[in-house]
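Visitor: structure for the following, please:
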Amino acid sequence: MNEELLQRLFTDLRNSPAETSIEDVSRWVNDEKVDFSSTDSAPLLTKSKIILMTASITIIITGAIVFLTPQRNQTPDKTNLSPIPVNKELYNLPVSPENNEKPSYKKLPVKDSSLPTTYPGPAMHQIIPIPIVSSDDKEDIKATSEGALKSQINTILAPINKSQGSITTSETVDTSGVWTTNSKMLTIDTIFSGVTELVLTGKYPSQISIEGSERDNIAFNYQYDYQIKGIYTGKKSGSTVAYKKSGSTLFISVENREGVMVGVFTYGKVISNVSLTLPKNITVRVNSSYGDIIAKQLSGASIELNTKYGDVEAQSLIGNVNLQSGYGDITLHEANGKVNLSTKYGDIKAYKIKADESLQLSSGYGDIDCRLLSKEEACRLNLSTGFGKISVKGNEVDIESTKKIQIGKGSTTVSASSSFGDVKIRFVEL
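Guide: The predicted structure follows:
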């Protein structure tokens, strides 16, 4: 647009009559204010709020689904596994070929396929079994710093850390070690030799299983799997297993660290199982704060099984037997020796018991049911109850009472008492 056209436009604007007069402006100022309450702004605001709330709920549900979806088991990174250290002098491995001669390799010891295999999990210290040396390869193995290896010895498999490989010690050497994990899984499978007494302490294990066998060493297996899903705060979950071998006594402790849970999206369980296979004639002492104890085919100078919040179930025990539970039941099938069963809030069931010297049964609020293989004339009974009933039956005796029964003059003392439960004693034929 040139200058001439602009001048013409301004001239037309000045000459045009004003469409809005002073009277119109005055009337508009003096009029009442416009009421905007009846406008469409309210529905628009309502729709905006609905849209925002829907978006927020969608985001929360999507985040919860993604967070709570269980992760698939992933294969551990091979770079994080601790390799087995190889001593070149031990296996006569060639250093480097000279004069273009082909080196002669010797066969490495072959692992016995009949033995159980350990599968490394996501634990901090991976457990790698020690290879078994066959008799054909013993001549090819040079003597170590501690002496020549003339025969295969029983070994103790210890944890592996970053600075050393698997540790092997003879039966006379004291050892100790720790397995620990801050993740959700831990697997241990190892062997202890030269042990005549076992002391196991458990803090929150799910179950402890002990079984006797014909083997000459102790097989220890532990499985930990934290399957609870939810929102965590405070200390994290995990498990720690420590052992110490002092002389012929083996101490093992199992401790689980539970994470603090908050929120409503929590579910699942914790698996913490201890399994032991023992030789004969070994002293066993087990003390657990939580979880059941299962034992069978054990023999030794002393067998003590104690749990605070769990049941005790045992079968075929020989020796001085002491089974205790704070809030659980006690069940014993077949025992020979001095027997003591005690629980505060559970029942006691003892079948096929051949007591030597004494048999003591005690319950605070539960019932007692005992079947003896001992002869009636060999026993001296001392039975009592506070608010229950007492009954004794055999070939020559059939007595019932509501307070106390004392009969017999034998050398074996049988004592049974319950504050609020019934007491039943039966003599069965051999």
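
Visitor: now the helix or strand hosting Ile59: average pLDDT?
Guide: Taking DSSP states H and E as the definition, one finds Ile59 inside helix 41-68. Helix 41-68 shows a mean pLDDT of 72.

Visitor: with stretch 375-385 instead?
Guide: Computed over stretch 375-385, the average pLDDT equals 93.

Visitor: need the residues that contact it.
Guide: Applying C-beta atoms under 8 Å, 6 or more residues apart in numbering, the set of residues contacting stretch 375-385 from outside is 355, 372, 390, 392, 394-397, 401-419, 421-423, 425, 427. Every C-beta, even on glycine, is put in place using the N, C-alpha and C of the backbone.

Visitor: pull out the buried positions in stretch 296-316.
Guide: For stretch 296-316, the neighbour count (16 or more other C-beta atoms under 10 Å) marks 297-300, 303-307, 310-316 as buried.

Visitor: which of those residues fall within strands?
Guide: Judged by DSSP state E, strands contain the following of the buried residues of stretch 296-316: 297-300, 303-307, 312-316.

Visitor: in a markdown table, list those along with distance to Ile57.
Guide: As requested, those are arranged in a markdown table below (distance: C-beta to C-beta, whole Å):
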| residue | distance to Ile57 |
| --- | --- |
| Gln297 | 59 |
| Leu298 | 59 |
| Ser299 | 64 |
| Gly300 | 63 |
| Ile303 | 59 |
| Glu304 | 57 |
| Leu305 | 53 |
| Asn306 | 52 |
| Thr307 | 47 |
| Val312 | 51 |
| Glu313 | 50 |
| Ala314 | 55 |
| Gln315 | 56 |
| Ser316 | 61 |
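
Visitor: spatially, which two of the residues you listed are the most separated?
Guide: Farthest apart among those by C-beta to C-beta are Ser299 and Thr307. That separation is 21.2 Å.

Visitor: ok, Asn287 - contacts?
Guide: Contacts of Asn287 by C-beta under 8 Å, 6+ apart are Leu200, Thr201, Gly202, Glu304, Asn306, Thr307.

Visitor: how about the residues you listed in a markdown table, adding distance to Ser384?
Guide: Output for the contacts of Asn287, formatted as a markdown table (distance: C-beta to C-beta, whole Å):
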| residue | distance to Ser384 |
| --- | --- |
| Leu200 | 34 |
| Thr201 | 34 |
| Gly202 | 33 |
| Glu304 | 25 |
| Asn306 | 24 |
| Thr307 | 26 |
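
Visitor: in those residues, which has the lowest confidence score?
Guide: Gly202 (91).

Visitor: what secondary structure does that one sit in?
Guide: Secondary structure, DSSP: H, G, I helix; E, B strand; the rest coil: Gly202 is strand.

Visitor: looks like it contacts Gly291 (just checking).
Guide: Yes - between Gly202 and Gly291 there is a contact under C-beta atoms under 8 Å: 6.6 Å.

Visitor: overlap in contacts, those two.
Guide: Here Gly202 and Gly291 have Ile208 as joint contacts, going by C-beta under 8 Å, 6+ apart.

Visitor: buried residues, stretch 272-289. List them.
Guide: 272-279, 282-289.

Visitor: picking up where we left off before, show me which pair in the buried residues of stretch 296-316 is furthest apart.
Guide: Among the buried residues of stretch 296-316, Ser299 and Gly310 lie farthest apart (C-beta to C-beta), at 23.4 Å.

Visitor: who does the closest residue to Ser213 other than its chain neighbours bridge with?
Guide: Leaving out its chain neighbours, the residue that sits closest to Ser213 by C-beta to C-beta, 6 or more residues apart in numbering is Thr277, at 5.1 Å. Thr277 has these beta-bridge partners by DSSP bridges: Glu211, Ala219.

Visitor: which residues does Thr277 contact?
Guide: Glu211, Gly212, Ser213, Arg215, Ile218, Ala219.

Visitor: so who does the second one touch?
Guide: With C-beta under 8 Å, 6+ apart as the criterion, the residues that contact Gly212 are Thr277, Leu278, Pro279, Lys280, Lys296, Gln297, Leu298, Ser299.

Visitor: pLDDT and distance to Lys229 for the residues you listed - can I get that in a markdown table?
Guide: Shown next, in a markdown table, are the contacts of Gly212 (pLDDT from 0 to 100; distance: C-beta to C-beta, whole Å):
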| residue | pLDDT | distance to Lys229 |
| --- | --- | --- |
| Thr277 | 97 | 34 |
| Leu278 | 96 | 37 |
| Pro279 | 95 | 41 |
| Lys280 | 92 | 44 |
| Lys296 | 96 | 35 |
| Gln297 | 96 | 39 |
| Leu298 | 96 | 38 |
| Ser299 | 94 | 44 |
